[in-house]
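>>> One predicted model, sequence on top.
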Amino acid sequence: MPRILSRAAERAKAWYFHPKKCKLLQSHPHRKTRSERREACQIVIETILSHLDLASLCLGTPTLENGFIDIDMRTIVRDSGIGQRRCERAIAMLKEAGFMKVQQPRAINDQGDYVGLRAIRVVTTLFFEFLNLGPMIQRERARASSRLHRKAMKAHRKVSDLMRRM
């Protein structure tokens, strides 16, 4: 894991012990968030950071053969070790705080019905800025983008082919 992601996970751990440091994750301004909910957020943040692509800040990996493969909810649940509903609530809290964006793309199948595809989960730069890692994330994103460009050039492909979603 790159240094910025491990540093972000360490700094986010402080939210568990000091919930007032992150007012955005408090569901009610006059009450503390329960420790179980804070723990779930902490575990989900660590899992999300372990699957984060720095160039795009999306959860997944760019591949040469299949384009960008998004991480599904089953993978997050499996890697975090907590239940699916608990993961969903933690992700909802992160979305509500503005630390994450989730889009659910849909497609039409052969029968003419709409089918939901894997959700696209993006960690916003607000998350890193809130952790005082704003300048560092800009540098690391530039480095990750240049690595991605070199990888694409080495394979004689375009970067858009690596980031294309199936």
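Perfect, I can see it now.
>>> host element of the residue in the chain sticking out farthest from the centre?
In the chain, the greatest distance from the average C-alpha position (C-alpha atoms, centre = their mean) is reached by Gln111, at 33.0 Å. Counting by DSSP states H and E, there is no helix or strand that carries Gln111.
>>> Let the chain start at 32 from now.
In the new count, where the first residue is 32, that last one comes out as Gln142.
>>> mind checking pLDDT for it?
We have a pLDDT of 92 for Gln142.
>>> Please report the distance of Arg170 from Ser177.
Going from Arg170 to Ser177 by C-beta to C-beta, to the nearest Å gives 11 Å. Backbone N, C-alpha and C define where each C-beta goes, glycine included.
>>> Remind me which helix or strand the nearest residue in space to Ser66 that is not next to it in sequence belongs to.
Residue nearest to Ser66 in three dimensions, not counting chain neighbours: Tyr47, with 7.6 Å by C-beta to C-beta, 6 or more residues apart in numbering. Tyr47 belongs to helix 34-48 when assigned by DSSP H and E.
>>> Now the element after that helix, going C-ward?
With DSSP H and E, the next secondary element past helix 34-48 is helix 66-81.
>>> I would like the residues contacting that next one, please.
Where contact means C-beta atoms under 8 Å, 6 or more residues apart in numbering, the residues beyond helix 66-81 that reach it are 32, 36-37, 39-40, 43-44, 46-47, 50, 56, 58, 90, 107, 110-113, 117-118, 120-122, 124-125, 131, 152, 154.
>>> next helix or strand past that helix?
strand 83-84.
>>> Which neighbouring elements make contact with that next one?
With contacts defined as 3 or more C-beta pairs under 8 Å, 6 or more residues apart in numbering; DSSP states H and E, strand 83-84 has these neighbours: strand 89-94.
>>> in the helix or strand following the strand it packs on, what's buried?
Sequence order places strand 98-101 as the next helix or strand after strand 89-94, per DSSP H and E. Neighbour counts using 16 or more other C-beta atoms under 10 Å place 99, 101 of strand 98-101 among the buried residues.
>>> Strand 98-101: how far from the chain's middle?
Distance of strand 98-101 from the chain centroid (C-alpha atoms, centre = their mean, to the nearest Å) equals 14 Å.
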